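S.K.: Pasting the sequence and the predicted model now:
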Amino acid sequence: MMSENNGVWVYSESYDLTLEMLGKGRELADQLKSQLTVVMIGHNVHGKAAELVKYGADKVYVVDNPSLERFQSDIYLSVLHDLAASQKPDIILIGSTKNGKPLAARLATRLEAGCVPDCYRLTVDEKGRLIGERITYGGNASARVAFNTKPQIATVPARAFDKPSIQDRHGQLVKLDAKTEPPRTEVVETKPLEASNVRIEEAEVIISCGRGLTKKEDRIMLDELASVLCGQVGCTRPLAEDRKWFTEWVGLSGHKVKPKLYIACGISGVIQHVAGIRDSKVIVAINKDPEAPIFEIADYGVVGDLYEMLPALKDALKKMLQ
Amino acid sequence: MSGLKRIIVCLKQAVDVSQLKVDAATRQLITAGAPKKISDFDKNALEEAVKIREKLGSVEIVTLTMSSEDPKIVLREALAMGADKAYVANDVGVQGIDTSGTAYVLAEGVKKIGEFDLILCGETSLDSFSGLVGSRIGELLKLPQITSVRKLSVEGDFVTAERVLEDASETVKAKMPALVTVTREINQPRIPSLMMIMKASKKEIVTWTLAELGIPKEKLSSKIEVIEALAPKTERKKVKMTGETVQEIAEKLAKALIQEGVVGR
C-alpha cells in the first residue's frame, strides 16, 4: 500500500487535453501548496509519461499494459478508482471528452464524490475549496459551483486552458500494475470521422450559416468567403440535424468555438447557438430580420440578405487584402 | 429474436430554457414559474424505445421521473408518445438535489420497478447540461453502459450501438441488461396524435414518496453547491453597418474587420 498522495490529479485519454489540464493543475497545486500528479493509462506510454514532468507534473503514475492499449471504460475506471481510493487526492481533473465525461461520472459515483462537468474556469477559494465555472440553463447562465466533499472531481473541455510551455524540471515516474477485469462492453468497429469540419475549434475564422441558407448548394458562397479569409465553414444545429446538409454544427450541443472572427449568416441566434460562439473575439451578424437576437451579441450587424452580402463582402475583402 | 421485455426510459422534467428570462439589472435568471417540459434528449430516448417496440413487438416501455412538483402534465405527454406506464418519485425532498442524489433516487426507482433489459437516458439535459446522471445510474446499478449513442439495435440478448467520439465513431456491443444514453441525432421524436393523447389519459401514473422508496435523507445530501448562476455579460459593440448599397456596406464591414485585426495577416 502506497502512502497517500493528496493534491491535484489530472487524467485524460487525450494527450493534448492532458497537457492543457497540466497548466491549470500546476496553478491550482501551487496555490494549495500541494503536488500535481498525472495518471497515464495505456500501452507503450513511458516516453510520453517522462515528457509530462516537463509540462509541470510532480509525479506521473504510469499504468502500462497491452490490455490498456485503447480506452475501455470499465477497465480504465477501475484503474483510476483503485488509485484514487487508496491515495485520496483532493482534486481530480478529467478531460471532458465523450469517453472522459462518463468516466468522471462513474468515478465520482464509485467514490461517492461530487462532480462538476465542463468547467471553463477553475479557481480555489479562501478555504481551499475548488470552484468550477460552467455554462448552464442552455447557455442562459454561467454558474460558479463549489464542492462540499472530497475528492473534488471536475471535467475540463478541450481548449478551455492553454498548453503550458516545456520546462527543465524534475519529477517522479511511478510504474504501476493494474489488475484488469474483462470489460463488459466490446468495441466491434471504429471509423474515423470525415475530415471536414472535424477541427472547427481550431479555425481562426468561421463563416457559419443558419436557416437563412435556403439551398444546400448555396454554401459555396460561404466556402468562397472562407477561402479568402483562410477560414472554415460551420452551421447551426437545424442545418445539420434536420436538413442533414452538414454532419456537425456549432453550438452548446455541438462544437464550442472561439475564433478571432465569427460571421453568422442567416442565423437567428437562439441561446444554444450563442453559447457555442460567445467566446469569439469579433462576431458579425448578417440577417434579414432586424429583430433577430443574434444582433444583441454581435459586434457588427448587417440587416440584409446574406445572398447579396456574402458575395459583396468577399469582393470587398479580396480587394482590400491584396 | 430478442428476449427484450421491458425498457425503462428516464425522463427529466427540465426548465424550458428557450422561455427563460433574465433580470437585466442583476443578470439573475428568473426561474420561478418558468415552464417545464420533458428534456429534449430524453424525448429522443423515449422515441427510441418506441421504435424498438415497433420492431420487436411486445415490449413494455415505462418511464421514470423525479419531481418535487406535480409532474402529471409532462408525464401525460410521455404516455401519449407511447410509454405504457409512468413512475415518478414525487417528493418535495428531491428539490435542488445534485446529480449524485438524482441518480440515487432514479436507481432506487429502477430497483422498485423490478426486472428490465434496457435503460435509456438522454446523454445530457436541456437545462443543467451536466450529462452525468445516466452514467451515475449505470454505475449505481453496476450495468454495462454505452454513452452518446446515435444508432441503436437490439438482437438476442445484446444491444449494439454506434457512438460518436471527437474524431471517430465506434460501434459497441453489450449484453443486456444495459444502460444507453442517446444523442439528439438518433431520431426525430414523434408528435402524439389526438388519438394517442386520448389513450394516454387512461394509462397509469405510479407515484412514490422518498419514504416509499426507502431513501434516507442523508443519501441525498448535496456534494456540490451552486454559489451563483448569472447570465453572461455581453460586451459587444453592436455596431449596425448601414449604407446606400450592398457594396458600400460590405466595404465598411471589410474595413472594420481589417481594423480589428481579425482578417488577413
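M.R.: Right, received. Where do you want to start? Numbering: from 1, shown residues only, chains lettered A, B, ... in the order given.
S.K.: C-alpha from now on. contacts and neighbour counts both.
M.R.: OK.
S.K.: how much space between the closest residue to B:V94 other than its chain neighbours and chain A?
M.R.: The spatial neighbour of B:V94 that comes closest, neighbours along the chain excluded (C-alpha to C-alpha, 6 or more residues apart in numbering or on different chains), is B:S68 at 5.8 Å. Between B:S68 and chain A the distance is 19 Å, computed by C-alpha to the nearest C-alpha, to the nearest Å.
S.K.: what about the helices in the chain?
M.R.: This is for chain A. A:15-31, A:46-54, A:73-87, A:100-110, A:220-229, A:237, A:271-277, A:306-321 (DSSP state H).
S.K.: could you do chain B instead?
M.R.: Listed in chain order, the helices of chain B (DSSP H) span B:40-56, B:72-81, B:99-113, B:133-140, B:194-200, B:246-260.
S.K.: Mean neighbour count, these: which tops it?
M.R.: helix B:133-140 (a mean of 26; mean count of other C-alpha atoms under 10 Å in any protein chain shown).
S.K.: Report all helices and strands that that helix contacts.
M.R.: helix A:100-110, helix B:99-113, strand B:145-155, strand B:178-182 (3 or more C-alpha pairs under 8 Å, 6 or more residues apart in numbering or on different chains; DSSP states H and E).
S.K.: can you list those in CSV and add distance to A:T37 and mean pLDDT?
M.R.: Converted to CSV, these look like this (distance: least, C-alpha to C-alpha, whole Å; pLDDT from 0 to 100):
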stretch, distance to A:T37, mean pLDDT
helix A:100-110, 17, 98
helix B:99-113, 26, 98
strand B:145-155, 28, 96
strand B:178-182, 31, 98
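S.K.: and A:T136, which of those is closest to it?
M.R.: Across the helices and strands packed on helix B:133-140, A:T136 has its closest neighbour in helix B:99-113 (13.8 Å, C-alpha to C-alpha).
S.K.: Can you give the contact residues for the closest one?
M.R.: A:109, A:112-114, B:8, B:10, B:64-66, B:87, B:89, B:94, B:132-134, B:136-137, B:140-141, B:210, B:213, B:215, B:219-223 (C-alpha atoms under 8 Å, 6 or more residues apart in numbering or on different chains).
S.K.: Identify whichever of the helices of chain B lies nearest to B:K151.
M.R.: The nearest among the helices of chain B, by C-alpha to C-alpha, is helix B:40-56 at 9.3 Å.
S.K.: could you give me the average pLDDT of the closest one?
M.R.: Averaging pLDDT along helix B:40-56 gives 97.
S.K.: out of the helices and strands packed on helix B:133-140, nearest to A:M40?
M.R.: Between A:M40 and these, the shortest gap by C-alpha to C-alpha is with helix A:100-110, which sits at 13.3 Å.
S.K.: what ranges of the chain fall below the confidence cut-off?
M.R.: With no chain named, the answer covers chain A. Scanning chain A for pLDDT under 70 picks out A:1-3, A:194-198.
S.K.: sorry, should have said chain B
M.R.: B:1-2, B:265.
S.K.: Stretch A:211-221: end-to-end distance?
M.R.: One end of stretch A:211-221 sits 15 Å from the other (C-alpha to C-alpha, to the nearest Å).
S.K.: Would that stretch count as contacting chain B?
M.R.: No. Using C-alpha under 8 Å from any C-alpha of the partner chain, stretch A:211-221 stays clear of chain B, with a minimum separation of 14.4 Å.
S.K.: Show me what counts as buried in that stretch.
M.R.: Neighbour-count burial for stretch A:211-221, counted by 16 or more other C-alpha atoms under 10 Å in any protein chain shown, picks out A:211-213, A:219, A:221.
S.K.: now do stretch B:147-164
M.R.: Judged by neighbour count (16+ other C-alpha under 10 Å), stretch B:147-164 contains these buried residues: B:147-152, B:154, B:158-164.
S.K.: How many residues are close by residue 226?
M.R.: Since you didn't name a chain, this refers to chain A. Neighbourhood size, A:A226 [other C-alpha atoms under 10 Å in any protein chain shown]: 18.
S.K.: looking at chain B here, not the other one
M.R.: 16.
S.K.: per the record, what domains does chain B have?
M.R.: Structurally, chain B divides into domains by automatic domain parsing as follows: B:6-220, B:235-265.
S.K.: To A:K163, which of those domains lies closest?
M.R.: Across those, closest to A:K163 is domain B:6-220 (C-alpha to C-alpha), at 18.9 Å.
S.K.: Flag every residue of the stretch 151-300 of chain A that's near chain B.
M.R.: Going by C-alpha under 8 Å from any C-alpha, the residues of the stretch 151-300 of chain A near chain B are A:184-193, A:198, A:205, A:229, A:241, A:260-261, A:270-271, A:282, A:295-300.
S.K.: From those residues, list just the buried residues.
M.R.: A:184-185, A:187, A:193, A:205, A:229, A:241, A:260-261, A:270-271, A:282, A:295-300.
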